[in-house]
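Peer 1: Generate coordinates for the sequence data below:
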Amino acid sequence: MLDKFLVKFFSIPAIKNCWVRNYKALEFKDIPWKKLEKPIKDSKIVLITTGGIHLKSDKKFNLIDPNGDSTFRRIPNNTNLNDLIITHKYYDHYDADRDPNLVLPIDILNELQSEGIVGPSCKYHYSFMGHIKEPHLTTLIQKNAVEVAKEIRQHNVDIALLVPA
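Peer 2: From the prediction side, this is the model:
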């Protein structure tokens, strides 16, 4: 109940703006950017979201642990949006519940692919739950994100589109 109150409370513009001005985000100075080596229309693409979206048949993200859930879910690239659900309590996902493309733009990616603008999708897209605090943040960075990175490398992905929630 408190979490729902906080989501509504932080939707008030003055409160949200005050929080944003004072929030200290983690900064990473060593980001491994790489120049795209082939045209986008020939590049394999993966979507990675922090929206807490997953297949209805998957295990839900842990909403009880106040430090969050550092695990991830695989979402097959041919998933129907009606087969997805969001388990996340740290943002108002009312609109994303109605249109999951807001946090995992599978339909938009499919449209761009059918028009020949972008290349094929990776076998899976990946979903994390945002709002991760220690000690799970270290697990996320050192274990789960590394596992996803290894998988997308094995699938010869050229472009990872990060979709925050």
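Peer 1: Phi and psi next, for Lys123.
Peer 2: Backbone torsions of Lys123, given as degrees, to the nearest 10, read phi -60, psi -40.
Peer 1: tally of neighbours for it?
Peer 2: Burial of Lys123, expressed as a neighbour count using other C-beta atoms under 10 Å, amounts to 16. For the C-beta atoms, the positions are set from N, CA and C on the backbone; glycine is no exception.
Peer 1: thinking it is in contact with Asn78, fair?
Peer 2: No: using C-beta atoms under 8 Å, Lys123 is not in contact with Asn78, being 9.3 Å away.
Peer 1: Assign a three-state SS to the spatially closest residue to Tyr124 that is not a sequence neighbour, would you?
Peer 2: If the residues on either side of it in the chain are set aside, Tyr124 comes closest to Arg74, at 4.2 Å by C-beta to C-beta, 6 or more residues apart in numbering. Three states are possible here, and by DSSP: H, G, I helix; E, B strand; the rest coil the one that applies to Arg74 is strand.
Peer 1: What distance do you get for Arg74 to Asp30?
Peer 2: As defined by C-beta to C-beta, to the nearest Å, Arg74 lies at a distance of 27 Å from Asp30.
Peer 1: Those two: which is more packed in?
Peer 2: For Arg74 and Asp30, the more surrounded residue by other C-beta under 10 Å is Arg74, and the numbers stand at 17 against 4.
Peer 1: Just the C-alpha atoms of the helix or strand harbouring Ala96, please, in CSV.
Peer 2: Assigned by DSSP states H and E, Ala96 belongs to helix 94-98. Backbone C-alpha positions of helix 94-98 (Å, rounded to 0.1, in the frame of the first residue of the first chain) are rendered in CSV as follows:
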residue,chain,number,x,y,z
TYR,A,94,-1.2,1.8,-15.9
ASP,A,95,-0.5,2.9,-19.5
ALA,A,96,2.1,0.2,-20.1
ASP,A,97,-0.4,-2.4,-18.9
ARG,A,98,-2.7,-1.1,-21.7
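Peer 1: all strands of the protein, in order?
Peer 2: 45-49, 53-55, 72-76, 84-86, 124-128, 159-163 (DSSP state E).
Peer 1: now those strands in CSV, with mean pLDDT?
Peer 2: Compiled in CSV, those are given as follows (pLDDT from 0 to 100):
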stretch, mean pLDDT
strand 45-49, 97
strand 53-55, 98
strand 72-76, 98
strand 84-86, 96
strand 124-128, 98
strand 159-163, 94
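Peer 1: Please name the bridge partners of the residue nearest the centre of the chain.
Peer 2: What sits nearest the mean C-alpha location of the chain, by C-alpha atoms, centre = their mean, is Thr49, with 1.0 Å. According to DSSP bridges, Ser127, Val163 are recorded as the beta-bridge partners of Thr49.
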